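[1] have a look; sequence and predicted model below, questions after that.
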Amino acid sequence: MVFGAALAQGAGTALRSLADPAALDAIRLTLTVAAICLPVNLVTGLAAAWAIARFDFPGKAVLVTLFDLPFSVSPVVVGLCLVLLWGANGAAGPLLAALGAKVVFALPGIVLATLFITFPFVARELIPLMQEQGAAEEEAALTLGASPLRMFLTVTLPNIRWALLHAALLCNARAMGEFGAVAVVSGKIRGQTATMPVMIEMLYNEYLSAAAFALAAALALMALATLGLKAALERRHADALAATRRH
């Protein structure tokens, strides 16, 4: 239905809508936010999973609970909290004004909102796997003289690579599709802070249905590509497991 509506007025109209400067800015901003959030979430999620799966420390239960927070709090509430904290009249507003920095209604606010929404995906994917695998192989590598970095690159990372790639795809898809929190902190400024989901809503509310559905179709294609990669990774992982069992 989305693709049908996008092509209702012809492929030429859909392509011209996607070539509009505001639409291109929305696509560029969405990809930029995803490109920033993905590596940050990979590093922090992997570090959190490592700490939770391998060590006991004070506050561990609190840290595990925090991973459920983005799933239980409405994204709109998340955006509102960021505005109350980083907005011009927020708690950190005077400090930001003195520094000449801007968070809300700018790229940093969109990145912060997206990071909060997406940060559980990597850790939640890795923690059960790392707990199930245990630390025996890593301890053996360290006993044989491997450095911590070498142990991570040759033992830990190969054991979690499929789960890590799967988590990266989920995180990237969520980052590109986030709407609620971003809609609040972005201010919906066309050509500046409007991501693809926000721009789709703006176009639809302006009764520019062909342009809205053309951009929605582009976003859907990104999602389908992500699903295709996810399916391919799962298939390769299953094949690798089957080959290991045969050997």
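    Nice, I can see it.

[2] from now on I want contacts and neighbour counts done on CA atoms only, so please keep to that.
    OK.

[3] so where's the protein shaky on pLDDT?
    Residues of the chain meeting the criterion pLDDT under 70: 244, 247.

[4] any idea how far Glu138 is from the residue lying farthest from the centre of the chain?
    Relative to the mean C-alpha coordinate of the chain, counting by C-alpha atoms, centre = their mean, the farthest residue is Leu144 (37.7 Å). Here the criterion is C-alpha to C-alpha, to the nearest Å. By it, Leu144 lies 10 Å from Glu138.

[5] again with Val33
    Counting by C-alpha to C-alpha - Val33 and Glu138 are separated by 35 Å.

[6] looking at the protein, which helix is longest?
    Using DSSP state H to define each element, the chain has its longest helix at helix 209-246.

[7] what about that one, distance to the chain center?
    15 Å (C-alpha atoms, centre = their mean, to the nearest Å).

[8] also stretch 164-178?
    On C-alpha atoms, centre = their mean, the centre of stretch 164-178 falls 5 Å from that of its chain.

[9] same check on stretch 54-69?
    Worked out by C-alpha atoms, centre = their mean, stretch 54-69 lies 21 Å from the chain centre.

[10] who touches it?
    Contacts with stretch 54-69, where a contact means C-alpha atoms under 8 Å, 6 or more residues apart in numbering, come from Ile52, Phe119, Pro120, Ala123, Arg124, Gln131, Gly134, Ala135.

[11] just the buried residues of those residues.
    The neighbour-count criterion (16 or more other C-alpha atoms under 10 Å) marks Ile52, Phe119, Pro120, Ala123, Arg124 among those as buried.

[12] return the member of those residues nearest to Gly12.
    Phe119 (38.9 Å; C-alpha to C-alpha).

[13] show me what contacts the nearest residue to the closest one once chain neighbours are set aside?
    Distances taken as C-alpha to C-alpha, 6 or more residues apart in numbering put Asn41 closest to Phe119, at 5.6 Å, once the chain neighbours are dropped. Asn41 makes contact with Leu115, Thr118, Phe119, Val122, Cys171, according to C-alpha under 8 Å, 6+ apart.

[14] also Thr118?
    Asn41, Pro70, Cys171, Arg174, Ala175.

[15] what distance separates whichever strand or helix holds Val182 from the centre of its chain?
    When secondary structure is defined by DSSP states H and E, Val182 falls within helix 180-186. Computed by C-alpha atoms, centre = their mean, the chain-centroid distance of helix 180-186 equals 15 Å.
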